[in-house]
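[1] pasting the sequence and the predicted coordinates here, then a few questions.
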Amino acid sequence: MAGNGEHKNESIWDSAAPGWAKWESALMGAAAEATEQMLDAANVEMGMRVLDLACGAGSQTIQAARRVGPTGRVFANDIASKMLTFVTSNTAAAGLTNVETLHGPAEDLSKSGLHVDAATCRLGLMLFQSPQDALAAVRSVLAENGRFAVLVVASPQDNLLFSKTMMIALKHAGKTPPPPGSPGLFALSDPARLESLFQAAGYIDTRIEQVAARLSIASIGDALTMMQEAFGAYRAVLADLDDKKRDVAWAEIRDCIEQFSNQGGVSSDMTLLLASGTNPPA
């Protein structure tokens with residue numbers, strides 16, 4: 001059973017689920033190529049059984065499901081049950097029948113009876129209370145010589161749209177950036193620490209590389225609405241503010257977004273870290 005912290009996380013992500021589903025295609029269009037690189041790093045191939053951890057609304061689940069084909073299967077896991085309803089509807093709309101949803105925290109995977117050939121996690125691991133526990137849980141259901149590949153946000157200086165706006169949110173909430181080891185957008189932005197977590201969880205042949213992406217949103221208003229509706233990390237930071245103080249925070253965030261506007265639209269370079277490792281033979 002999930003602890004109190006996990007129930008709080010589930011509540012935050014359940015509340016963000018409709019917004020994330022609404023904006024995921026726009027946001028993750030920037031990460032489509034990076035997602036393919038993640039699937040390559042996990043050696044995802046036709047006929048495989050694949051775990052997609054912290055699947056969100058499932059756009060990367062769909063990419064994995066198309067890659068494994070009708071003889072394969074993708075297990076979409078998320079702590080937020082509402083996210084999984086969107087996975088079900090989105091995969092059905094894509095004409096896919098090889099996706100199965102799995103609700104619960106990563107730590108429960110070891111009790112699920114699941115067994116997969118490969119595993120992925122796109123832009124989720126840095127938000128986990130304990131990334132190392134999640135890495136170990138995935139390894140417990142991963143076949144020998146199977147690979148786990150993840151994408152996380154790289155350094156703040158390489159992701160200025162997110163780092164500048166997050167600093168504004170933290171300022172208004174009276175909070176400091178989370179220390180290393182605490183959940184947050186940049187919690188795993190240190191390549192050495194990320195690799196050490198994989199190795200501490202027992203993975204071998206670990207690899208870390210940078211992956212470039214570019215986020216493009218039609219307007220400043222759309223970018224602000226996307227952050228408000230879809231980004232659980234921002235919602236968590238601002239959760240304790242009253243409506244008036246929250247509105248003030250979002251107004252300053254909007255002013256910051258204007259720095260990244262061009263002819264009405266918003267565009268920003270992103271840098272991600274792609275990390276992967278192999279579950280060694282027993």
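    That came through fine.

[2] now the strands for this structure?
    49-53, 73-78, 99-103, 116-122, 142-153, 204-217, 261-262, 265-278 (DSSP state E).

[3] out of these, nearest to Ser110?
    Checking those against Ser110 by C-beta to C-beta gives strand 142-153 as the closest, at 10.9 Å. Yep, even glycine has a C-beta here, placed from its N, CA and C like the rest.

[4] list the buried residues of the closest one.
    142, 146-153 (16 or more other C-beta atoms under 10 Å).

[5] who's Ile208 bridged to?
    With DSSP bridges as the criterion, Ile208 is bridged to Ala275.

[6] need the max-distance pair from the buried residues of strand 142-153.
    Gly146 and Val153 (25.0 Å).

[7] would you list the strands of the chain in CSV and tack on mean pLDDT and distance to Asp243?
    Shown next, in CSV, are these (pLDDT from 0 to 100; distance: least, C-beta to C-beta, whole Å):
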stretch, mean pLDDT, distance to Asp243
strand 49-53, 98, 34
strand 73-78, 97, 28
strand 99-103, 97, 31
strand 116-122, 98, 32
strand 142-153, 97, 29
strand 204-217, 94, 25
strand 261-262, 90, 26
strand 265-278, 95, 25
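
[8] turn those into CSV, including distance to Asp133.
    Formatted as CSV, the strands of the chain follow (distance: least, C-beta to C-beta, whole Å):
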stretch, distance to Asp133
strand 49-53, 12
strand 73-78, 14
strand 99-103, 17
strand 116-122, 13
strand 142-153, 14
strand 204-217, 18
strand 261-262, 40
strand 265-278, 15
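
[9] so which of those comes closest to Phe162?
    strand 142-153 (6.8 Å).

[10] now the closest one against strand 49-53, angle please.
    40 degrees (axes from the mean of the first three to the mean of the last three C-alpha atoms, to 10 degrees).

[11] pairing partners for strand 142-153, with directions?
    As assigned by DSSP bridges, strand 142-153 forms pairs with strand 116-122 (parallel), strand 265-278 (antiparallel).

[12] winner for burial among those strands?
    strand 116-122 (a mean of 26; mean count of other C-beta atoms under 10 Å).

[13] for that one, the distance to its chain's centre please.
    With C-alpha atoms, centre = their mean, to the nearest Å as the basis, strand 116-122 stands 13 Å off its chain's centre.

[14] alpha carbons only: can I get it in CSV?
    The C-alpha trace of strand 116-122 is given here as CSV (Å, rounded to 0.1, in the frame of the first residue of the first chain):
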residue,chain,number,x,y,z
VAL,A,116,9.4,-7.6,-19.2
ASP,A,117,12.1,-7.6,-21.8
ALA,A,118,12.8,-3.9,-21.6
ALA,A,119,11.7,-0.8,-19.7
THR,A,120,11.5,3.0,-20.3
CYS,A,121,10.6,6.1,-18.3
ARG,A,122,10.3,9.4,-20.1
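
[15] residues making contact with it?
    Strand 116-122 has contacts (C-beta atoms under 8 Å, 6 or more residues apart in numbering) with 28, 31, 35, 38-39, 42-44, 48-54, 56, 60, 64, 75, 134, 138, 141-143, 146-151.

[16] run the last query once more with 6 Å
    35, 38, 42-44, 48-54, 60, 138, 141-143, 146-151 (C-beta atoms under 6 Å, 6 or more residues apart in numbering).

[17] try stretch 45-53
    Against stretch 45-53 from outside (C-beta under 6 Å, 6+ apart): 44, 61, 64, 68-69, 71-77, 116-121.

[18] got the buried residues for it?
    In stretch 45-53, counting by 16+ other C-beta under 10 Å, buried: 48-53.

[19] ends of it, what's the gap?
    17 Å (C-alpha to C-alpha, to the nearest Å).

[20] could you list the low-confidence segments of the stretch 101-250 of the chain?
    180-181 (pLDDT under 70).

[21] swap the cut-off to 80 and go again
    Applying pLDDT under 80 to the stretch 101-250 of the chain flags the ranges 178-181, 232.

[22] would you mind measuring from the closest residue in space to Ala32 that isn't next to it in sequence to Met38?
    In space, and not counting its chain neighbours, Ala32 is closest to Gln63: 7.4 Å by C-beta to C-beta, 6 or more residues apart in numbering. From Gln63 across to Met38, the span is 9 Å (C-beta to C-beta, to the nearest Å).

[23] with neighbour numbers in mind, choose between the two.
    Using other C-beta atoms under 10 Å, the more surrounded residue of Gln63 and Met38 is Met38, with 26 against 20.
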